[in-house]
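# here is the input, now give the coordinates:
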Amino acid sequence: MTDADPAAPRPVQRLDKWLWCARFFKTRSLAAKFVAGGGVRLERDGAPAMRVEKPSFGVRPGDRLAFALGRRVVIAEVRACAARRGPAPEARTLYIDCSPPPESAAADGAAPGRRVGPRPTKKDRRRRERFAGDVHEAGEVNGAGEVNEEHSPCSKP
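Residues are numbered from 1 along each chain as shown. Have a look, this model is predicted:
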């Protein structure tokens, strides 16, 4: 038989074991619990994605898996089944990472940018606090950045 023969049996491996061997999870039992919780979707042979809830479900090369790890969505195409859980470079050969690029935290405004220059001194911090206090005295600013005139010292009771 040749590799191009479509009737040739393809290797199959348990989903929980494959996720563990590909180093997506630290232990196989964590991978099994994650799969049992319904956290993995599988797309096979162009069929619509289906939720997999059995850790014993067999994955084959060509399958696409989608699952969330933390705040990141992972989309991986299975390239091969693993004989063992090897080192990270070997684990990366088991799949093709099709995940979308991670969103930067700076775009969300969640994390401040990198500081330029030396660390601020106590004098700098007090100057910044005094400036912020002057801004808030004109009226309180709500979460949308709008001034709430009710609390403004200029508003009439």
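# number of nearby residues for Asp63?
Other residues within reach of Asp63, judged by other CB atoms under 10 Å, total 22. C-beta here means a position set from N, CA and C on the backbone, and glycine is covered the same way.
# and it, how far is that from Arg125?
Remark: distance between Asp63 and Arg125 (CB to CB, to the nearest Å) = 55 Å.
# and what of Ala91?
Per CB to CB, Ala91 is found 46 Å from Arg125.
# gap between Arg126 and Ala132?
11 Å.
# one more: Thr27?
Distance, Thr27 to Ala132, using CB to CB: 48 Å.
# same deal with Ala31?
Using CB to CB, Ala31 is found at 48 Å from Ala132.
# so for the two, which residue has more residues nearby?
Taking Ala31 and Ala132 together and counting by other CB under 10 Å, Ala31 has the greater number of neighbours (23 against 11).
# can I get the CA coordinates of the helix or strand encompassing the more buried one in CSV?
For Ala31, the host element (DSSP states H and E) is helix 28-36. Output in CSV follows, covering the C-alpha atoms of helix 28-36 (Å, rounded to 0.1, in the frame of the first residue of the first chain):
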residue,chain,number,x,y,z
ARG,A,28,-3.2,13.3,30.7
SER,A,29,-5.9,13.5,33.4
LEU,A,30,-6.1,17.3,32.9
ALA,A,31,-6.5,16.7,29.2
ALA,A,32,-9.2,14.1,29.8
LYS,A,33,-11.1,16.4,32.2
PHE,A,34,-11.0,19.2,29.6
VAL,A,35,-12.3,17.0,26.8
ALA,A,36,-15.0,15.6,29.1
